[in-house]
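Visitor: just need the structure, nothing else, for what follows:
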Amino acid sequence: MTENLERQVIELVATDRLYIPSSSFDGKLERSRPKLAKTLNFSDGNFEGERAYARVVDSNKNVSKDMRAGIGKFANEFPQYGQILNGYIEEARVKKEQHVYFGMNEGRRVTRDDYLGVLEGMGLGPATSEKYLDVAMDISRTMQAKREKSGKPEAERKVLIG
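Guide: As a prediction, this is how the structure comes out:
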């Protein structure tokens, strides 16, 4: 039981450590997409090229800031009911969360086989897993060096489970 549980925790640590560089890279890509899209300059809102196309579509969407403004206006006009409404909203915002905190014990490491097991468990073949792991570990080492240089210790990790 204990050995199986430790194997599962090591798998969680390995999965998380593979997630960190991927997430960082994903975040950079995610932030660059709107910047690139905003630089597109076509006058009529449409572009049709030989290999690519683009169009601008405007849509109306409820935004919580706009809702808050409306609720604030209601509360000013009807203070008694506004207070009740704000109470309901605050109750709905309170949410219980449950996290699992995890990490490796001092002096212990996640092995290459642990990482490869996670990657192959995700459906990657052995050769692809090896290649991906090499790249992910390079990114991870670079990120770790930056953390150490800035004086930020490796923090205990957590994952939301409920």
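
Visitor: which strand or helix spans the residue nearest the centre of the chain?
Guide: By C-alpha atoms, centre = their mean, the mean C-alpha position of the chain lies nearest to S23, the distance being 6.1 Å. Following DSSP states H and E, one finds S23 within helix 2-39.

Visitor: for that helix, packing partners?
Guide: Where contact means 3 or more C-beta pairs under 8 Å, 6 or more residues apart in numbering; DSSP states H and E, helix 2-39 is packed against strand 99-102, helix 112-121, helix 126-149, strand 157-160. C-betas here are computed from N, CA, C, even on glycine.

Visitor: kindly reformat the ones you listed as JSON lines containing distance to E90, mean neighbour count and mean pLDDT.
Guide: Below are the helices and strands packed on helix 2-39 laid out as JSON lines (distance: least, C-beta to C-beta, whole Å; neighbours: other C-beta atoms under 10 Å; pLDDT from 0 to 100):
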{"stretch": "strand 99-102", "distance to E90": "23", "mean neighbour count": "12", "mean pLDDT": "84"}
{"stretch": "helix 112-121", "distance to E90": "41", "mean neighbour count": "16", "mean pLDDT": "94"}
{"stretch": "helix 126-149", "distance to E90": "37", "mean neighbour count": "13", "mean pLDDT": "89"}
{"stretch": "strand 157-160", "distance to E90": "22", "mean neighbour count": "13", "mean pLDDT": "84"}
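
Visitor: and of those, who's closest to R51?
Guide: Proximity to R51 (C-beta to C-beta) singles out helix 126-149 among the helices and strands packed on helix 2-39, at 28.2 Å.

Visitor: name the helices or strands packed onto that closest one?
Guide: helix 2-39, helix 112-121.

Visitor: ok, residues contacting it?
Guide: The contact list for helix 126-149, computed with C-beta atoms under 8 Å, 6 or more residues apart in numbering, reads 17-18, 20-22, 24-25, 112, 115-116, 119-120, 124, 153-154.

Visitor: closest to L160 out of those?
Guide: For the contacts of helix 126-149, the closest approach to L160 (C-beta to C-beta) belongs to I20, at 15.8 Å.
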